[in-house]
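>>> below: sequence and its predicted model.
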Amino acid sequence: MRMELLIDGVYQLGAGMVNSYIIDGDEGVTLVDTLVRGRDGAIAQNLKEIGRSLADVRAILLTHSHMDHTGSASAIKAASTARVYASEADTPAIQGVEKPPNPPTHWYWRPMYWPAVFFPDPPPVEVDHFVSEDAKEVLPGGLRAIDTPGHTPGHTSYILDRAGGLLLVGDAAVATKDGRVKRLAFNRSTPGIDGSLRHLAEFEFEIAAFCHSKPIRTHASGAFRKFAESLTSPTAPNPHHIAAVSERR
Ligand SMILES: [Zn+2]
């Protein structure tokens with residue numbers, strides 16, 4: 001599978017349609033998302049290219065419960081000692097207790113959503129640790145969680161504070177070919193996702209990497225700010241959005 005170096009020790013797997021991430025650190029390998037079901041063998045092959053194996057995976061951080069992100073988590077967890085990290089809100093769907101919050105049926109007619117039709121539900125995987133922005137903790141791989149609900153109720157993005165900042169956006173947004181930020185057209189709540197995108201625009205990061213588009217490699221936080229400034233419709237307040245807090249006062 002195609003693998004692209006983003007910054008030292010951080011690799012994007014996939015060619016833009018569906019991506020996940022490897023963070024290779026002293027403490028072992030951290031994966032952010034796991035592609036669809038049955039991709040554990042391909043991920044193992046990529047790990048081999050950087051001198052690692054599935055047994056080196058210590059943590060799997062999930063952005064959300066959709067099957068193109070959680071699909072191979074169960075197989076990788078079984079082949080390693082990895083702990084699985086995800087938001088509390090998305091955990092019932094990740095653990096197979098609830099159906100993942102799928103989009104309205106008409107979105108299924110868009111080719112990029114066909115995997116949701118043709119791939120079976122992902123094998124459930126047990127979540128070992130809840131992530132939240134409130135916890136203010138440094139997660140495996142040196143990542144911090146940013147709550148970005150909207151695409152799913154508990155969608156989480158992750159940021160790495162080195163090399164000018166790297167944001168792993170997940171499905172909170174995608175990049176256009178000319179490097180603009182836009183919504184992924186597949187959200188449970190559009191005001192929710194807009195509130196989350198306004199919140200992401202408050203961070204500084206040079207690079208943004210997405211699950212369903214190519215990365216933005218320079219001045220990425222500027223592209224998020226441009227999107228946030230273009231919003232005219234009301235947005236649902238993201239609990240961490242600084243301006244939203246002051247607006248409420
Ligand atoms: Zn998704």
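Yes, it's here. Remember, it's a predicted structure, so these values are computed and weren't measured experimentally.

>>> quick check: residues of this structure near the ion?
Neighbours of the ion within the chain, by CB under 5 Å from the ion: 66, 171. (Each C-beta comes from the backbone N, C-alpha and C, glycine too.)

>>> can you find the helix or strand in this protein with the smallest mean pLDDT?
Each helix and strand of the chain was given a mean pLDDT (mean pLDDT, DSSP states H and E); the minimum falls on helix 242-248 at a mean of 49.

>>> ok, and the closest non-adjacent residue to the residue positioned nearest the centre of the chain?
Residue closest to the average C-alpha location in the chain (CA atoms, centre = their mean): residue 170, at 2.5 Å. Distances taken as CB to CB, 6 or more residues apart in numbering put residue 63 closest to residue 170, at 3.1 Å, once the chain neighbours are dropped.

>>> shouldn't the one you found be in contact with residue 211?
Yes: under the criterion of CB atoms under 8 Å, residue 63 makes contact with residue 211 at 7.0 Å.

>>> show me the strands in the protein, by range?
Listed in chain order, the strands of the chain (DSSP state E) span 3-7, 10-13, 20-25, 28-32, 57-61, 83-86, 129-130, 143-147, 156-160, 166-170, 174-175, 181-182, 207-210.

>>> which outside residues touch the fifth one?
The reference is to strand 57-61. Strand 57-61 is contacted from outside by 27-34, 47, 73, 76-77, 79-86, 125, 131, 139-141, 143, 156, 158, using CB atoms under 8 Å, 6 or more residues apart in numbering.

>>> what is the orientation angle of it with strand 166-170?
Strand 57-61 and strand 166-170 are oriented at 60 degrees to each other (axes from the mean of the first three to the mean of the last three CA atoms, to 10 degrees).

>>> quick one: mean pLDDT over strand 57-61.
On average, the pLDDT along strand 57-61 is 98.

>>> strand partners (parallel or antiparallel) of that strand?
strand 28-32 (parallel), strand 83-86 (parallel) (DSSP bridges).

>>> quick one, which of those gets closest to residue 228.
strand 28-32 (23.4 Å; CB to CB).

>>> rewinding a little: filter the contacts of strand 57-61 to the buried ones?
28-34, 47, 73, 76-77, 79-80, 82-86, 125, 131, 139-141, 143, 156, 158 (16 or more other CB atoms under 10 Å).

>>> low pLDDT regions in the chain?
Low-confidence segments of the chain (pLDDT under 70): 102-120, 233-236, 239, 241-249.

>>> neighbours of residue 178, how many?
5 (other CB atoms under 10 Å).

>>> how about the one 3 residues further on?
As a burial measure, the neighbour count of residue 181 was computed by other CB under 10 Å and equals 27.

>>> understood, closing this out.
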